[in-house]
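S.K.: sharing a model prediction with you, sequence too.
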Amino acid sequence: MLKDDLAVLRNRQVAALLTARSISLLGNAIMPIALAFAILRMPGASATSLGLVLMARTLTQVTLVLIGGVIADRLPRYRVMVSAEVAAGLAQTATAVLLIGGNANIPAIALLAALNGGALALFEPASRSMTPQLVPPEALQSANALLK
């Protein structure tokens, strides 16, 4: 049965979607950990500072996920996904530049974290709604299993 489930990866679009989702999920899982280490090393920062930054990211993500679904329904999903990942990458790059350059402050990091959360709120609904477009109905269960 596993071999049949993996057969869906022969579809290049499904394999590309799996790769994109995996990279996105990995980046989104690592970001809070990296932020925790970076923020707690900042002069004058505290656990409260870290909580505010992570709250900004999470609240933005939760608030905008429904809007992300509407956008994914109205615009080409591929473009929504790419745009969201570019925005997330820019926000993470800006965060890294601020932290490495020693110019980081909590409000700036919180704003960039909120932008990252907003990008994730756009990426996820578009990504999830791509699967039925890429595979025939009989392969949908296998594709969903792999992508989850």
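M.R.: Received it, and whenever you're ready, just let me know what you need. Numbers count the residues shown, from 1 in each chain.
S.K.: let me see the contact set for the residue nearest the centre of the chain.
M.R.: The centroid of the chain falls nearest to Leu120 when counting by CA atoms, centre = their mean (3.8 Å). Leu120 is in contact with 24, 28, 61, 84, 88, counting by CB atoms under 8 Å, 6 or more residues apart in numbering. Glycine gets a C-beta too; all of them are placed from N, C-alpha and C.
S.K.: torsion angles phi and psi at it?
M.R.: Backbone torsions for Leu120, taken as degrees, to the nearest 10, come to phi -60, psi -40.
S.K.: any idea how far it is from Ala47?
M.R.: With distances taken as CB to CB, to the nearest Å, Leu120 is found 23 Å from Ala47.
S.K.: again, but for Asn11
M.R.: 46 Å.
S.K.: which of the two has more neighbours?
M.R.: Neighbour count, other CB atoms under 10 Å: between Asn11 and Ala47, Asn11 has more, with 16 against 10.
S.K.: so how many other residues sit close to Ile71?
M.R.: Ile71: 18 neighbours (other CB under 10 Å).
S.K.: wait, it touches Phe123, no?
M.R.: No: at 10.6 Å, Ile71 does not count as touching Phe123 under the criterion of CB atoms under 8 Å.
S.K.: mutual contacts of those two, please.
M.R.: In contact with both Ile71 and Phe123: Val80, using CB under 8 Å, 6+ apart.
S.K.: so where do the helices sit in this protein?
M.R.: Counting by DSSP state H, the chain has helices at residues 2-6, 12-40, 47-74, 77-101, 106-134, 140-147.
S.K.: next, the angle helix 47-74 makes with the second one.
M.R.: It stands for helix 12-40. 160 degrees (axes from the mean of the first three to the mean of the last three CA atoms, to 10 degrees).
S.K.: buried sites along helix 12-40?
M.R.: 14, 17-18, 20-21, 24, 27-28, 31, 35, 38-39 (16 or more other CB atoms under 10 Å).
S.K.: and which of these is nearest to Ala139?
M.R.: Val14 (8.4 Å; CB to CB).
S.K.: from Thr131, how far out is that closest one?
M.R.: Val14 is 8 Å from Thr131, by CB to CB.
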